[in-house]
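K.L.:
sequence first, predicted coordinates after that:
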Amino acid sequence: MYAKSLMRAFERAAEIILEADGRATALTGAGISVASGISAFRGSQGLWDKYDPLEFAEISSFKRQPEKVWEMLGEMLAVVEKAHPNKAHKSLAELEKKGLLQSLITQNVDGLHQAAGSRKVIEFHGATRHLCCLDCDWRWVNFKISESKSLPPRCEECGAILKPDVVFFGEPIPKWALLEASAAAEKAKVMLVIGTSANVHPAAEMPILTKRSGGRVIEINLEPTDLSGPVADLTILGPADQVLPEIIAACKRLNSNE
Ligand code: APR
């Protein structure tokens, strides 16, 4: 059972989502996949505690020493490949099925939203399931590290070491993803911001686009972020895989009471 104030927050979130009448979107970050066994990047036990992002997640580092970066990528891809969607991913897929969520912008590269059944997913930072060659544009679609004979994987055309099709620091966001995400944020009446430290731009600007267009922002996180207060109309502190199912339940209660 939850405290009365938390139950009220679940109800308030449900009211705002239902009032949006389908024009809701979401922005998710690594926190939504923590319950699936994938570490977040920042905070205690974060991936960036173990691997310096400047050495392991910056595009110039990858070009200079791809084998070294593949030490981290090998670990990350093995964890992602074994991971399954949790109740938070499934809740967002349910909101989409009910016609209450028209798009989902994710910073995550794990593909768990699609695995949970979400269809309108905008992968803002790409996806680890595909690899690309920086030298000759050859692509390896649906790479499985568990089936890889040797690491790092090499291009079948030119032999160069392949890179997961994710956005490294120093790389641009894929144009279509930026356009689609910005359009989704601007037309949304509400954005659910879930499990992101809102540290990385331009993803962190998406909630601000929603606010500027007259929409509202509901934040779900374990702790406050820079969005809490100035941008978020409602901040619910708790694990996403527990909070989101409660908000869905509140939506059902409000709908049946009508
Ligand atoms: N439920 C909700 N929120 C959670 C949970 C949880 N179970 N666990 C952690 N969080 C929150 C943390 O409090 C933190 O605010 O999720 C957030 C994770 O923050 P980051 O690790 O910074 O991840 P993210 O915001 O997605 O990072 C953005 O930075 O390194 C780059 O490309 C990488 O896409 C990533 C981007």
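P.N.:
Sure thing, it's come through.

K.L.:
residue 74 is in contact with residue 151, correct?
P.N.:
Yes - contact criterion C-beta atoms under 8 Å: residue 151 and residue 74 qualify, at 5.4 Å. (C-beta placed from N, C-alpha, C; glycine too.)

K.L.:
give me the below-cutoff pLDDT ranges for the stretch 151-258 of the chain.
P.N.:
For the stretch 151-258 of the chain, the stretches flagged by pLDDT under 70 are 258.

K.L.:
what are the bridge partners for residue 58, then?
P.N.:
On the basis of DSSP bridges, residue 58 is bridged to residue 169.

K.L.:
begin at 27, not 1, for the rest of this chat.
P.N.:
Sure, I'll start counting at 27 from here, so that last one is residue 84.

K.L.:
so what's it up against?
P.N.:
Residue 84 makes contact with 194-196 under the criterion C-beta atoms under 8 Å, 6 or more residues apart in numbering.

K.L.:
could you do residue 87 as well?
P.N.:
Residue 87 makes contacts with 80-81, 94-95, as judged by C-beta under 8 Å, 6+ apart.

K.L.:
circling back to that earlier point, overlap of the contact sets of residue 177 and residue 100?
P.N.:
Taking C-beta under 8 Å, 6+ apart as the criterion, residue 177 and residue 100 both touch residue 171.

K.L.:
hmm, back to that, ok, of the contacts of residue 87, which one's closest to the ligand?
P.N.:
Nearest to the ligand among the contacts of residue 87: residue 80, at 11.2 Å, using C-beta to the nearest ligand atom.

K.L.:
quick one: residues contacting that closest one.
P.N.:
Residue 80 touches 87, 195, counting by C-beta under 8 Å, 6+ apart.

K.L.:
give me the mean pLDDT for whichever helix or strand it is part of.
P.N.:
Secondary structure assignment for residue 80, by DSSP states H and E: helix 79-82. Averaging pLDDT along helix 79-82 yields 94.

K.L.:
and it, how far out from the chain middle?
P.N.:
Distance, stretch centre to chain centre, for helix 79-82: 20 Å (C-alpha atoms, centre = their mean, to the nearest Å).

K.L.:
quick check: what element follows it along the chain?
P.N.:
helix 85-90.

K.L.:
name the next helix or strand downstream of that following helix, please.
P.N.:
Immediately after helix 85-90, counting by DSSP H and E, sits helix 92-108.

K.L.:
going by neighbour count, which residues in that following helix are buried?
P.N.:
92, 95-96, 98-99, 102-103, 105-107 (16 or more other C-beta atoms under 10 Å).

K.L.:
between those residues, which is nearest the ligand?
P.N.:
Using C-beta to the nearest ligand atom, the buried residues of helix 92-108 come closest to the ligand at residue 102, 10.9 Å.
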